[in-house]
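> Quick one, structure for this:
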Amino acid sequence: MEGCRRRGDDPDPNRANYDETGIGTTSAVGCFPGGASPCGVEELSGNVWEWSRSLYRGYPYVLEDGREDLEADGRRVVRGGSFHLNESFVRCTYRDGHFPDGRWFNFGFRLAVVPRSL
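Residues are numbered from 1 along each chain as shown. Prediction:
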């Protein structure tokens, strides 16, 4: 599938915090501006696994299968890899499922902040 690769598909330790950066811990958002999405969102890959509210189910996504039931028990989706994983896991499209009652040093949440206009 070599001909199918697009610009940005290759791992780059200058664009995300993963094991190849050598940082070995979390980094502040903004440290990797070259990895921002076309809309300017940073840190979608690497740094910490990001929790989602969806139950871990297979694809294709089917809203009616109960995966968005916040009261249901089960593994929830985490995405994007983290600072201590290699390039295979550090992609915004990579996902896994974990139980939310566990504690992991490399899991977190995405918080969005909109600056208040003066």
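> alpha carbons only for contacts and neighbour counts from here, please
Noted.
> So what sits opposite the closest residue to residue 53 other than its chain neighbours in the bridge?
Of all residues not flanking residue 53 in the chain, residue 76 sits nearest, at 6.3 Å (CA to CA, 6 or more residues apart in numbering). Here residue 76 sits in beta bridges with residue 55, residue 98, as judged by DSSP bridges.
> Residue 76: how many residues sit nearby?
Residues within reach of residue 76, counting by other CA atoms under 10 Å, total 22.
> Verify the stated contact: it with residue 101.
No - Residue 76 is not in contact with residue 101 according to CA atoms under 8 Å; the separation is 10.2 Å.
> hey, what's in contact with both of the two?
Contact criterion CA atoms under 8 Å, 6 or more residues apart in numbering; no residue bridges residue 76 and residue 101 by contacting each.
> Residue 69 - that's part of a helix, no?
No - applying DSSP: H, G, I helix; E, B strand; the rest coil, one finds residue 69 to be coil, outside a helix.
> All further residue positions should be reported with the first residue as 55.
In the new count, where the first residue is 55, that last one comes out as residue 123.
> now do the same end-to-end measure for stretch 92-106.
Between the opening and closing residues of stretch 92-106 lies a distance of 21 Å (CA to CA, to the nearest Å).
> Tell me who's in contact with the residue nearest the centre of the chain.
Among the residues of the chain, the one closest to the centroid is residue 134, at 2.3 Å (CA atoms, centre = their mean). For residue 134, the contacting residues are 98-100, 102-104, 143-149, by CA under 8 Å, 6+ apart.
> pLDDT at residue 85, what is it?
pLDDT for residue 85: 91.
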